[in-house]
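> here is a sequence with its predicted model. Questions after.
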Amino acid sequence: MNALTRPARLVEAIGRGVLDTVRAAGRLALFALAGLSHLLRPPFYWRNFVSAFGEFAFFSLPVVALTAVFSGMVIALQSFTGFSRFNAQSAVADIVVLSVVRELGPVLAGLMVAGRVGAAMAAEIGTMRVTDQIDALGTLSTNPMKYLVTPRLLAGALALPLLVVVADILGVLGGFVVSVVKLGFAPEAYVMNTLAFVQPMDVIVGLAKAAVFGFLIALMGCYNGYNSKGGAEGVGGSTTASVVAASILILCFDYVLTEMFFSR
């Protein structure tokens, strides 16, 4: 009897997990649609938007800049080590600019911002939830979604591409410095190879990825914070869930967008 029930229990557990995942995805989609719908209906809380934009774009700049510079430097070193086996060292500039602009700029910036801004966003809104401040907004005839969520979603989608522009420049600059100072490349030849190899589509797709990633970071921070419960422990759990979920979604959507634009 036990041998017969174990497979049934396994199937039941898998089915329950699938249903829970579908329900969670549905709730998240409805939450995102509700937040976006308020973009089309006044009023719009510009002060909240500017504050969130500053958190995304300005205060996250140091960590994103450092990450981009050292990533570009590492890519140059690793590419040179690999290509030197095939006497193809001249391709280092091409690999650095392509890797940074297409992938590492948007992805690393997104992951850094998810850890910094996404966590703070979830903690702030979660604290408002468990202390009944969100309920108080309703009593003041203020829609909590319009006040808390919509400005952050827009700020994330607009601010992260600006960060990625800076990350792209600094990442390529880091590869340039290592290639010229340590690996002995001619500066003029390196710059010419970089400019000749990179295409406008590479930059555009990287910025499009950044806009999607910024939206996902803000969405997960707002969603987990908005649905917090259980006091301080619940807020901590929501903060952790926000960072983990945003990071996973960034990597998943990175593959989806790469497949859409570069699979041909």
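Sure thing, it's come through.
> alpha carbons only for contacts and neighbour counts from here, please
Noted.
> tell me where the model's unsure across this protein.
Along the chain, segments meeting pLDDT under 70 span 1-4, 263-264.
> at 80 what do you get?
Applying pLDDT under 80 to the chain flags the ranges 1-8, 83-90, 262-264.
> need the strands for the stretch 51-200 of the chain, in chain order.
In the stretch 51-200 of the chain, no strands are defined using DSSP state E, counting those that start in this stretch.
> helices of that one, start to end?
With DSSP state H, counting those that start in this stretch applied, the stretch 51-200 of the chain shows helices at 61-83, 92-99, 105-113, 119-130, 133-139, 144, 150-177, 187-197, 200-226, listed in chain order.
> nearest to residue 243, of these?
Counting by C-alpha to C-alpha, residue 243 lies closest to helix 119-130 out of the helices of the stretch 51-200 of the chain; the figure is 5.9 Å.
> redo the helices of the stretch 51-200 of the chain as TSV? Include distance to residue 254 and mean neighbour count.
Shown next, in TSV, are the helices of the stretch 51-200 of the chain (distance: least, C-alpha to C-alpha, whole Å; neighbours: other C-alpha atoms under 10 Å):
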stretch	distance to residue 254	mean neighbour count
helix 61-83	17	19
helix 92-99	13	24
helix 105-113	7	26
helix 119-130	21	24
helix 133-139	33	14
helix 144	31	17
helix 150-177	14	24
helix 187-197	22	14
helix 200-226	7	24
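> any chance of these in CSV, plus distance to residue 18?
Shown next, in CSV, are the helices of the stretch 51-200 of the chain (distance: least, C-alpha to C-alpha, whole Å):
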stretch, distance to residue 18
helix 61-83, 36
helix 92-99, 35
helix 105-113, 27
helix 119-130, 25
helix 133-139, 31
helix 144, 31
helix 150-177, 28
helix 187-197, 44
helix 200-226, 20
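> which of those sits closest to residue 240?
Between residue 240 and these, the tightest spacing by C-alpha to C-alpha is seen for helix 119-130, at 7.0 Å.
> need the contact partners of that closest one.
Helix 119-130 has contacts (C-alpha atoms under 8 Å, 6 or more residues apart in numbering) with 134-135, 148, 218, 220-232, 235-236, 238-240, 242-243.
> returning to what we had before: nearest to residue 27, of the helices of the stretch 51-200 of the chain?
Closest among the helices of the stretch 51-200 of the chain, using C-alpha to C-alpha: helix 200-226, at 9.4 Å.
> what helices or strands is the helix or strand following that closest one leaning on?
As assigned by DSSP states H and E, the chain's next helix or strand after helix 200-226 is helix 231-262. Counting contacts by 3 or more C-alpha pairs under 8 Å, 6 or more residues apart in numbering; DSSP states H and E, helix 231-262 is packed against helix 105-113, helix 119-130, helix 200-226.
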